[in-house]
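Peer 1: Let's see this in three dimensions:
(2 chains)
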Amino acid sequence: DGGITQSPKYLFRKEGQNVTLSCEQNLNHDAMYWYRQDPGQGLRLIYYSQIVNDFQKGDIAEGYSVSREKKESFPLTVTSAQKNPTAFYLCASSSRVQSSYEQYFGPGTRLTVT
Amino acid sequence: AQSVTQLDSHVSVSEGTPVLLRCNYSSSYSPSLFWYVQHPNKGLQLLLKYTSAATLVKGINGFEAEFKKSETSFHLTKPSAHMSDAAEYFCVVASGNTGKLIFGQGTTLQVKP
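Peer 2: This next block holds a predicted model:
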């Protein structure tokens, strides 16, 4: 089955620790995205990458870092500098060949920091 | 700049009655518009998309939306609600040619038996 996988589904960390969220896709998509979702709010873009070894900050990049060493993988690190890291994190991908900008989403990782 | 406004944060309908979720958009050119659905603690699933073809767009699970340029609206409808339709719905516009999506705040659809 083609799709996007995120692991783990639930993640718990102590305050002050960095944590890395995994995102893998086998759709052969060039572009990948990370979003944050808080209760009662829409999705906010953290980082995105349109091609391997290149990525751009989204609207709320502070306290986060990413890498794009492989086309299939786009891990997100939530650093201790992120003031309010508890949230639901969603990864998505899209094809640059298609002009419709449709994005495909993973199942999400719920991060709780205490 | 592109933006979307979902006019209702919460909509409640009875099973078997019509669904209307309202969305207005702002765009300086012909937009690409989407509706996504999210069930609790799940990722988002694409319901339908408008990309300057037919103004009436049919999606999955009986949903459809009509693009009205004069009203800058892209409302989502379904003739008869099912219990399984209860979820969060997001109206989304693509931002220029970057591939970035801009999400509305979401509308929670409650379906009562």
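Peer 1: Give me the three-state assignment for residue A:111.
Peer 2: strand (DSSP: H, G, I helix; E, B strand; the rest coil).
Peer 1: Show the pLDDT at it.
Peer 2: Residue A:111 is assigned 96 on the pLDDT scale.
Peer 1: Check the gap between it and residue A:79 for me.
Peer 2: Here residue A:111 is placed at a distance of 12 Å from residue A:79 (C-beta to C-beta, to the nearest Å). Every C-beta, even on glycine, is put in place using the N, C-alpha and C of the backbone.
Peer 1: how about the residues of chain A near chain B?
Peer 2: Listed as neighbours of chain B in chain A under the rule C-beta under 8 Å from any C-beta of the partner chain: A:4, A:6, A:31, A:33, A:40-45, A:48, A:50, A:58, A:88, A:90, A:92, A:94, A:96, A:99-108, A:110.
Peer 1: Among the residues you listed, name the buried ones.
Peer 2: Buried residues within the residues of chain A next to chain B, counting neighbours by 16 or more other C-beta atoms under 10 Å in any protein chain shown: A:4, A:6, A:31, A:33, A:42-45, A:48, A:50, A:58, A:88, A:90, A:92, A:94, A:100-108.
Peer 1: Mind checking which of those residues are in strands?
Peer 2: The members of those that map onto strands under DSSP state E are A:4, A:6, A:31, A:33, A:43-45, A:48, A:50, A:88, A:90, A:92, A:94, A:104-105.
Peer 1: Greatest separation within those residues: which pair is it?
Peer 2: A:50 and A:88 (24.0 Å; C-beta to C-beta).
Peer 1: Thought residue B:37 was touching residue B:44, still the case?
Peer 2: Yes - contact status for residue B:44 versus residue B:37: in contact at 7.1 Å, counting by C-beta atoms under 8 Å.
Peer 1: and for these two, which residues touch both?
Peer 2: Shared contacts of residue B:44 and residue B:37 (C-beta atoms under 8 Å, 6 or more residues apart in numbering or on different chains): residue B:90.
Peer 1: The two: who's more crowded?
Peer 2: residue B:44 (28 against 21; other C-beta atoms under 10 Å in any protein chain shown).
Peer 1: residue contacts, that one?
Peer 2: Residue B:44 is in contact with A:43, A:90, A:92, A:105, B:36-38, B:90, counting by C-beta under 8 Å, 6+ apart.
Peer 1: repeat for residue A:66
Peer 2: Contacts here follow C-beta under 8 Å, 6+ apart; on that basis residue A:66 touches A:34, A:46-47, A:49, A:55, A:74-77.
Peer 1: Can you give me the pLDDT of it?
Peer 2: Residue A:66 is given a pLDDT of 98.
Peer 1: hey, what's the closest residue to it other than its chain neighbours bridged with?
Peer 2: The shortest distance from residue A:66 to any non-neighbouring residue, by C-beta to C-beta, 6 or more residues apart in numbering or on different chains, is to residue A:47 (4.5 Å). Assessed by DSSP bridges, residue A:47 has beta-bridge partners residue A:34, residue A:57.
Peer 1: Would you reformat the contacts of residue B:44 as TSV and include pLDDT and distance to residue B:56?
Peer 2: Shown next, in TSV, are the contacts of residue B:44 (pLDDT from 0 to 100; distance: C-beta to C-beta, whole Å):
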residue	pLDDT	distance to residue B:56
A:43	92	26
A:90	96	29
A:92	95	27
A:105	95	25
B:36	97	19
B:37	97	19
B:38	95	24
B:90	96	20
